[in-house]
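In: Kindly generate the corresponding structure for this input.
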Amino acid sequence: MNTINSSFINGNTTWLGVWAIPKDEEIANIKEVKSRINQRLKGPDFPLHITLTGSFELTYEELSNSVPNIVSSIKPIKINYKDYFLDEYLFEAFYIKVLISAELKTMRTDLCRILKTNNGNFNPHMSLYYGQEPYSKKNMILSQLPILDGELTIDCLNIVSFNTVNFTSKILHTVMLRD
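Out: Presented below is the predicted three-dimensional model:
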């Protein structure tokens, strides 16, 4: 039985995770900001998402079998986001912070339990750029961006395989959450 894990799939360095996918109509302004940043910094293209959990090891059958449990256990929630942040870490180089609420903590805890993964550090955010440009360059762009804060609905989760070398993602399962 093949195990899907967060180290290698098809010989590529791969990370497995669960992404919350915001509704397009709720993130038009964020997509515009992401586009402006990437025009200047030339980062890789990737879909806007909020990483809820990752680095789990399951067989594909176990992963597939977990989907009904996710659907029955996890309900849609509203989340709030606010402010830009910069970091040296490649995948958090330029992002919007997602505020941690009790509902978001519960969603993550339930996902970690279902997917049998660690519920450790959690920095929910929407990345706008992946890369390692200097802070000075990112700060110059940051000073020209509009203030972003708002609310999003999380009602769609993608279980993804993300190649950390070429920055490509493959959706393994899409889960629509229901009240």
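
In: Ranking helices and strands of the protein by mean pLDDT, which lands last?
Out: strand 8-9 (a mean of 42; mean pLDDT, DSSP states H and E).

In: Adjacent strands (with direction) for the helix or strand that that one is followed by?
Out: Downstream of strand 8-9, the first helix or strand assigned by DSSP states H and E is strand 12-20. As defined by DSSP bridges, the strand partners of strand 12-20 come to strand 8-9 (antiparallel), strand 50-54 (antiparallel), strand 156-163 (antiparallel).

In: So for the helix or strand just after strand 12-20, what gets flagged as buried?
Out: With elements assigned by DSSP H and E, the helix or strand that comes after strand 12-20 is helix 28-41. For helix 28-41, burial by neighbour count (16 or more other CB atoms under 10 Å) applies to 30, 33, 34, 37, 38, 41. Glycine gets a C-beta too; all of them are placed from N, C-alpha and C.

In: now do stretch 39-54
Out: Buried residues in stretch 39-54 (16+ other CB under 10 Å): 41, 43, 46, 48, 49, 50, 51, 52, 53, 54.

In: Kindly report the same for stretch 61-68.
Out: 63, 66, 67.

In: between the residues you listed, which is nearest residue 135?
Out: Residue 135 lies nearest to residue 63 out of the buried residues of stretch 61-68, by CB to CB, at 38.2 Å.

In: Could you pull up the contacting residues of the closest one?
Out: Residues near residue 63 by CB atoms under 8 Å, 6 or more residues apart in numbering: 4, 115, 159, 172, 173.

In: what's the closest non-adjacent residue to residue 100?
Out: In this structure, residue 100 finds its nearest non-sequential neighbour in residue 124, 6.3 Å apart by CB to CB, 6 or more residues apart in numbering.

In: all strands for the chain, in order.
Out: 3-4, 8-9, 12-20, 50-54, 58-59, 77-86, 94-98, 125-129, 149-154, 156-163, 168-176 (DSSP state E).

In: Dump those strands to TSV, plus distance to residue 136.
Out: Output for these, formatted as TSV (distance: least, CB to CB, whole Å):
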stretch	distance to residue 136
strand 3-4	40
strand 8-9	36
strand 12-20	29
strand 50-54	27
strand 58-59	42
strand 77-86	10
strand 94-98	13
strand 125-129	15
strand 149-154	25
strand 156-163	29
strand 168-176	30
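
In: of those, which approaches residue 119 most closely?
Out: Closest to residue 119 of these, according to CB to CB: strand 50-54, at 7.6 Å.

In: Let's see that closest one as CSV, backbone CA atoms only.
Out: Only the C-alpha atoms of strand 50-54 are listed here, as CSV (Å, rounded to 0.1, in the frame of the first residue of the first chain):
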residue,chain,number,x,y,z
ILE,A,50,-5.1,29.6,3.9
THR,A,51,-3.1,26.6,5.0
LEU,A,52,-5.0,24.9,7.8
THR,A,53,-2.8,21.9,8.4
GLY,A,54,-0.2,19.8,6.7
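
In: Since that was my last question, I'll sign off now.
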